[in-house]
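1. Have a look; sequence and predicted model below, questions after that.
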Amino acid sequence: MLRPIKFIAIAIIFSGIISCSKDPVVTPNVSPTVSISAPTDNSRFTSTGSITFTASASDADGSVSKVDFYNGATLLGTATTSPYSFTWLNVAEVKYIITAKATDNAGAVSTSTIVNVIFDPTFKATLSGANERPTPNTSTATGSSTLVFNTDTKIFTVSTTYTG
């Protein structure tokens, strides 16, 4: 035997609701990446003066605002455009620990791995036959000599060129 089925419909009316919104999804900022491309780790230099550092930096979800170059905790300089580079002037003969820090447009900061840079003491001499003893002499010989002291191996390397 079949029984009749009754359906009851219930209607609810909401009034006064103007809009409904869901909380926005917040995507966390991804930190930039940075690495020093020049000079390479444990690079040795034989004269003082200047050195140019170059870094590669990128940001997956924005842009890189700046790259700061550091010797230990000391800020050496800043680059704001790619390729990110900085020339350090008046560098003394010693070992340095260099890093680069990239900052993105949202303020996140990343630090590169350390690059060790070594400036070995370098000595230069100008050679002139006219300065030879005993004086006076008639020599017209000239030349130059460079001595580099490797601070790790404690070995001097001498290079001399001359004419006459």
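-> Thanks, I have it.
2. quick one: buried residues of stretch 62-82?
-> Under the neighbour-count criterion of 16 or more other CB atoms under 10 Å, stretch 62-82 has 64-65, 67-71, 76, 79 buried. Glycine gets a C-beta too; all of them are placed from N, C-alpha and C.
3. Sitting in strands, which of those residues do you find?
-> Taking DSSP state E, the ones among the buried residues of stretch 62-82 that sit in strands are 64-65, 67-71, 76, 79.
4. Out of the buried residues of stretch 62-82, flag the one nearest to residue 148.
-> Among those, residue 71 lies closest to residue 148 (CB to CB), at 21.9 Å.
5. Return the distance of the closest one relative to residue 149.
-> Distance of residue 71 to residue 149, given as CB to CB, to the nearest Å: 22 Å.
6. number of nearby residues for the residue nearest to residue 150 when sequence neighbours are not counted?
-> Spatial nearest neighbour of residue 150, chain neighbours left out: residue 120 (5.6 Å); criterion: CB to CB, 6 or more residues apart in numbering. For residue 120, the neighbour count with other CB atoms under 10 Å is 20.
7. wait, isn't residue 120 in contact with residue 46?
-> Yes. When contacts are counted by CB atoms under 8 Å, residue 120 is listed as touching residue 46 (5.8 Å).
8. what sits in contact with each of these two?
-> Applying CB atoms under 8 Å, 6 or more residues apart in numbering, one finds that residue 120 and residue 46 are jointly contacted by residue 148.
9. show me the contacts for the residue nearest to residue 150.
-> 44-46, 93, 148-151.
10. From residue 122, how far out is the nearest residue to residue 49 once chain neighbours are set aside?
-> In space, and not counting its chain neighbours, residue 49 is closest to residue 91: 6.5 Å by CB to CB, 6+ apart. Relative to residue 122, residue 91 is positioned 12 Å away (CB to CB).
11. Need the residues touching each of these two.
-> By CB under 8 Å, 6+ apart, residue 91 and residue 122 have these common neighbours: residue 48.
12. who has more neighbours, the two?
-> Between residue 91 and residue 122, counted using other CB under 10 Å, the more crowded position is residue 91 (18 against 15).
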